[in-house]
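Student: fold the following.
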Amino acid sequence: MKVGILGGGQLARMLAAAGIPLGLDFTIVDPKRDACAGALGRLVTADWNDDAAIEALSGCERVTCDFENVPATVLDALSTRTTVHPSARALATGQDRLAEKRMFESLDIPVPPFAAVSSRPELLEALERIGFPAVLKTRRMGYDGKGQAVLRTPEDLEPAWQALGDHELILEGFVPFDFECAITVVRSASGDLRCYPLSRTVHHDGILRLAMAPAPRADQLQARAEGLGRALAEHLDYVGCLTLELFAVDGRLLANEFAPRVHNSAHWTIEGAQVSQFENHLRAVCDWPLGETAARGRSLMINWIGEMPAREKLLACRGLHWHDYGKQARSGRKVGHATLTEADGQALEELMAGLAPCLDAQSASLLTGLMNDSA
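Tutor: Residues are numbered from 1 along each chain as shown. Next comes the predicted model:
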């Protein structure tokens, strides 16, 4: 079967790596000539709505995305020629933080307080209701910490407005969370839905740095998170994997945002689950039976940001699985990850303790904090 992917980054690369053993053949469309997924399929270098892109993908039996900011109109156009998952509706909702929050509310998925902002008076009015601290975000195109500013005092207003005021905005109440977590669900066209174990996530500067699964000390939250993920996937009539990012606060879960695609917080599933999110996404898109989502044991994933570290010392760490995306080094860019896997939590902690001295100071500090918080 021929599968087309809109977007040629690391997610497309890992989708292709999971799909090739299944006998799938990939056509990948990306505006960048050096898109890293091109090593695993036919790369078509074109803008999303170019005739060349539409023509190349129209010859595929299934089309999916590795990037949620592909224009929904492109998916609409492709859906008249071939089978496209996820739908244009799911992508369009995920592309607008205001539409996303309103959808969450309609599904009784708890969210922090929020307000649409399109002018300075609206921002001041929203702050009157929501209060400080708050987070001002662009409604569209923000990811990995881009397009947002934390407002802690009135002095933060002017710099934030100068940086973001040319965009449609949303103001969200700042959440004093106990920890962050994420639930990944996969749903087939027939409605079969399965959930992966909840991932405990750690961000720095708005970028995911660590993910541990199954999330420690979160057994009581698993069923609640699954219920929220199921409500979202069924409402969207979703096909494939999606991830709902959550804040855990005093035993409650508040939704932050969702991603209509495979997600960084579930990269641990490649080695750590019975069937990875990437294989299950393809199974769903191709209308094949879904695989088991249970964890094989305990896993920790660590992202490599900016540039790949020297591999020799890290490869000597017991239980480590190495993933180099083949991307050029660039500040703030996700260029690879590694995963530690073990049978149980205590054994994983031993591996983490052995890994920490091999990391840069910032990553080691985040890892030590996660270990202490999870004990």
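
Student: so what touches stretch 325-339?
Tutor: With contact meaning CB atoms under 8 Å, 6 or more residues apart in numbering, stretch 325-339 is reached by 9-10, 13, 34, 36, 39, 144-145, 205, 207, 264, 267-268, 270-272, 299-308, 314, 320-324. C-beta coordinates here come from the backbone N, C-alpha and C atoms, glycine included.

Student: tell me how far that stretch lies from the chain's centre.
Tutor: With CA atoms, centre = their mean, to the nearest Å as the basis, stretch 325-339 stands 15 Å off its chain's centre.

Student: can you give me the end-to-end span of that stretch?
Tutor: One end of stretch 325-339 to the other measures 14 Å (CA to CA, to the nearest Å).

Student: that stretch: which residues count as buried?
Tutor: Buried residues in stretch 325-339, defined by neighbour count with 16 or more other CB atoms under 10 Å: 325-327, 333-339.

Student: center of the protein - which residue?
Tutor: Central residue of the chain (CA atoms, centre = their mean): H263, 3.2 Å from the mean position.

Student: phi and psi next, for the nearest residue to that residue once chain neighbours are set aside.
Tutor: Excluding its sequence neighbours, the residue lying closest to H263 (CB to CB, 6 or more residues apart in numbering) is T243, at 3.6 Å. Backbone torsions of T243, given as degrees, to the nearest 10, read phi -120, psi 130.

Student: ok, now the one 10 residues further on?
Tutor: Geometry field for L253 lists phi and psi as phi -120, psi 130, criterion degrees, to the nearest 10.

Student: contacts only, for the residue lying closest to it once chain neighbours are set aside.
Tutor: Nearest in space to L253, with sequence neighbours left out and distances taken as CB to CB, 6+ apart, is L246 at 4.8 Å. By CB under 8 Å, 6+ apart, the residues touching L246 are 180-183, 225, 228, 253-256.

Student: ok, now with 7 Å
Tutor: 181-183, 225, 253-256 (CB atoms under 7 Å, 6 or more residues apart in numbering).

Student: nearest to R283, of these?
Tutor: The closest of these to R283 turns out to be I183 (CB to CB; 18.7 Å).

Student: list the strands paired with whichever strand or helix holds the closest one, with their directions.
Tutor: Secondary structure assigned from DSSP states H and E places I183 in strand 179-187. According to DSSP bridges, strand 179-187 forms sheet pairs with strand 193-195 (antiparallel), strand 199-204 (antiparallel), strand 240-249 (antiparallel).

Student: quick check: which of those strands is buried the most?
Tutor: The highest average neighbour count among the strands paired with strand 179-187, using mean count of other CB atoms under 10 Å, belongs to strand 240-249 at a mean of 24.

Student: ok so, going back, generate a PyMOL selection restricted to the buried subset of the contacts of stretch 325-339.
Tutor: In PyMOL, a selection of the buried entries from the contacts of stretch 325-339 looks like this (16+ other CB under 10 Å):
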select buried, resi 9+10+13+36+207+264+267+268+270+271+272+299+300+301+302+303+304+305+308+314+320+321+323
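
Student: quick one: residues in contact with the strand holding I183.
Tutor: By CB under 7 Å, 6+ apart, the residues outside strand 179-187 that reach it are 193-196, 198-201, 203, 215, 218, 225-226, 228-230, 233, 238-248, 263, 265-266, 277, 280-281, 284, 290, 293.

Student: equivalent analysis for stretch 71-87, please.
Tutor: By CB under 7 Å, 6+ apart, the surrounding residues in contact with stretch 71-87 are 48-49, 54, 57-58, 60-65, 88, 91-92, 95, 238-240, 260, 284-285.

Student: now restrict those to buried residues only.
Tutor: Using 16+ other CB under 10 Å as the burial test, the contacts of stretch 71-87 include 48, 54, 57, 60, 62-65, 88, 91-92, 95, 238-240, 260, 284-285 as buried.

Student: just checking, which of those residues belong to strands?
Tutor: Of these, the ones assigned to strands by DSSP state E are 62-65, 240.

Student: for stretch 89-101, buried residues please.
Tutor: 90-98, 100-101.

Student: now, the residues you listed that are in helices?
Tutor: Among those, the residues falling in helices (DSSP state H) are 90-94, 97-98, 100-101.

Student: so which of those residues comes closest to E122?
Tutor: L98 (12.3 Å).

Student: that closest one contacts I170, doesn't it?
Tutor: Yes - using CB atoms under 7 Å, L98 is in contact with I170, at 5.1 Å.

Student: shared neighbours of these two, anything?
Tutor: By CB under 7 Å, 6+ apart, the residues touching both L98 and I170 are 116, 139.

Student: and the residue nearest to L253, how far is that from V135?
Tutor: L246 sits 16 Å away from V135, taking CB to CB, to the nearest Å as the criterion.

Student: if I pick the residue nearest to A215 when sequence neighbours are not counted, what's in contact with it?
Tutor: Leaving out its chain neighbours, the residue that sits closest to A215 by CB to CB, 6+ apart is R200, at 3.8 Å. By CB under 7 Å, 6+ apart, the contact list for R200 reads 179, 181, 211-212, 215-216, 218.
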